[in-house]
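Trainee: This is the structure alone, sequence omitted:
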């Protein structure tokens, strides 16, 4: 289980290493381009959702428990990129979740 540490405030967000590796690719690409966006996920307790504003001036750290990098799924990265590029920002979904359903 990896951790996303954002702005050194608040607790680290625990995310499995595989998901975190995919997020790292998308987040670092957006930040390298000086693009701000939101990142949203459902909390593990299933009772809510959290959204944070990602900005190039705010430090972000990716901590992985596994020392070896994971193989990346290009289709998943593309879904996350597409999500990041729309007005709603990145909506963290599982690797094989169907995202074709209309958003209400």
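Mentor: Alright, I've got the coordinates. Since the model is a prediction, treat every value here as computed from it, not as a measurement.
Trainee: pretty sure residue 50 is in contact with residue 38, am I right?
Mentor: No - at 10.3 Å, residue 50 does not count as touching residue 38 under the criterion of CB atoms under 8 Å. Every residue, glycine included, has its C-beta placed from N, CA and C.
Trainee: Name the residue in these two with the higher neighbour count.
Mentor: residue 38 (15 against 11; other CB atoms under 10 Å).
Trainee: Can you classify the more buried one by secondary structure?
Mentor: strand (DSSP: H, G, I helix; E, B strand; the rest coil).
Trainee: My guess is it contacts residue 51. True?
Mentor: Yes - Residue 38 is in contact with residue 51 according to CB under 8 Å; the separation is 5.2 Å.
Trainee: what touches both of those two?
Mentor: Counting by CB atoms under 8 Å, 6 or more residues apart in numbering, the contacts common to residue 38 and residue 51 are residue 89.
Trainee: What's the separation between the most centrally placed residue in the chain and residue 86?
Mentor: Nearest residue to the geometric centre of the chain (CA atoms, centre = their mean): residue 23, 4.0 Å. Look at residue 23 and residue 86: by CB to CB, to the nearest Å, they are 16 Å apart.
Trainee: now residue 2
Mentor: Noted for residue 2: a distance of 25 Å to residue 86, by CB to CB.
Trainee: before we move on, what about residue 74?
Mentor: 19 Å.
Trainee: do residue 40 as well
Mentor: Residue 40 is 12 Å from residue 86, by CB to CB.
Trainee: who's more crowded, residue 2 and residue 86?
Mentor: Set side by side, residue 2 and residue 86 show more neighbours around residue 2, with 20 against 11, by other CB under 10 Å.
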